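Participant: here is my input; please provide its structure:
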Amino acid sequence: MVCLLAIMASSVGLRSAGAETPEEPPAQIPDLVFARMAENPASGITRLPVLNSTQFGIPPDNRVGNVLVLAPILPALFKGGWSLISRTTIPAVVTVPFASDAVPPSSGRTTGFGDIGLEIIGHKMIRGKRGQFYDVGFGPFFGFPSASDDFLGTKRWLLGPEMAAGIAGRQWVTVLFVRNEWSVGSDGGRADVNRLWMQYFLFYNLPKLFYLVYEPIITANWKSRQGDRWTLPVGIGVGRHHRIPKRPRFAITTRISGFYNAVRTDRGARWQLLATLVFWKPNPAVFNVD
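Facilitator: Okay, here's the model as predicted:
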């Protein structure tokens with residue numbers, strides 16, 4: 001992560017070796033455009049989100065779990081609002097209550113790496129009326145059995161289609177990612193996977209680059225019995241986008257969100273606390289759609 005940040009920070013300050021005059025600093029990006037770039041993960045912006053999710057009230061005995069996730073987003077931009085976006089989800093540190101019957105639930109705990117996921121989305125941004133922008137995207141999802149322990153992942157290769165859709169208004173941005181994941185290949189004694197995954201973002205922008213956000217991850221395990229399939233978090237978050245005065249091509253976004261899992265599985269947590277830190281590179285060209 002340190003290397004990636006160094007590359008992002010240094011790349012924006014490079015000048016050509018033969019330049020006789022220093023490069024002119026870029027013009028100040030309006031707050032509206034600045035916020036839109038930061039908030040839409042489907043736009044063609046290079047970014048490194050670092051997320052920490054703490055889960056409370058895990059059965060039995062109301063245990064606590066924690067997941068630290070790195071999710072770099074790397075775009076390739078093309079003319080006419082087209083882009084190819086890769087988003088990699090890396091559960092770097094996962095700690096959950098130990099699930100074995102041989103260990104008392106009050107004392108057991110497992111910590112390690114989780115399964116890595118890769119999304120590759122072909123994306124199109126469309127300019128609408130009154131300054132609105134629309135996003136559509138589609139591509140494959142790949143899941144890798146990288147978990148360091150049986151309790152921390154599926155231990156199955158996963159594959160499935162994914163779509164993205166979004167709208168950016170004047171004060172708000174909303175984006176939805178939807179996919180279904182299926183296990184493929186030999187089961188190795190592990191259960192088959194067939195589950196729905198949805199991530200929804202709804203941002204409402206406030207003065208001075210503050211914002212409110214609703215960002216739940218909604219899941220459904222089709223292999224579970226009826227009544228024990230869905231997870232639906234309900235809550236709200238608050239955050240702010242930060243300009244870096246001496247690094248105009250580098251920015252930071254921070255936020256914290258709290259959720260109550262209004263619908264949850266028998267083993268699901270009751271509450272979630274999500275803290276997010278995003279390093280990103282502003283690029284107004286992503287909104288230059290003919």
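Participant: OK, contacts around residue 188?
Facilitator: Residues in contact with residue 188 (C-beta atoms under 8 Å, 6 or more residues apart in numbering) are 155, 156. Yep, even glycine has a C-beta here, placed from its N, CA and C like the rest.
Participant: name the element it belongs to?
Facilitator: Using DSSP states H and E, residue 188 falls within no helix or strand.
Participant: what's the average pLDDT for stretch 170-182?
Facilitator: Stretch 170-182 shows a mean pLDDT of 95.
Participant: now swap in stretch 88-103 and tell me
Facilitator: Here the average pLDDT along stretch 88-103 is 79.
Participant: same check, this time on stretch 230-238
Facilitator: Rounded mean pLDDT across stretch 230-238 is 98.
Participant: now it - C-alpha only, CSV.
Facilitator: Taking Å, rounded to 0.1, in the frame of the first residue of the first chain, the C-alpha atoms of stretch 230-238 are listed here in CSV:
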residue,chain,number,x,y,z
TRP,A,230,-30.7,-12.0,3.3
THR,A,231,-28.6,-9.3,5.0
LEU,A,232,-30.0,-5.8,4.7
PRO,A,233,-28.1,-3.0,6.6
VAL,A,234,-29.9,0.2,7.4
GLY,A,235,-28.0,3.3,8.6
ILE,A,236,-26.2,6.5,7.6
GLY,A,237,-22.7,7.9,7.4
VAL,A,238,-21.0,11.3,7.3
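Participant: identify the residues contacting that stretch?
Facilitator: 210-220, 255-265, 268, 272, 274.
Participant: any of these buried? List them.
Facilitator: Among the contacts of stretch 230-238, those classed as buried by 16 or more other C-beta atoms under 10 Å are 211-220, 255, 257, 259, 261, 264-265, 268, 272, 274.
Participant: got the buried residues for the longest strand anywhere in the chain?
Facilitator: If each strand of the chain is counted by residues according to DSSP state E, the longest one is strand 82-97. Within strand 82-97, the residues that qualify as buried are 83, 84, 85, 87, 88, 89, 90, 91, 94, 96, 97, counting by 16+ other C-beta under 10 Å.
Participant: can you list the helices and strands that it packs against?
Facilitator: strand 63-70, strand 73-77, strand 109-112, strand 116-127 (3 or more C-beta pairs under 8 Å, 6 or more residues apart in numbering; DSSP states H and E).
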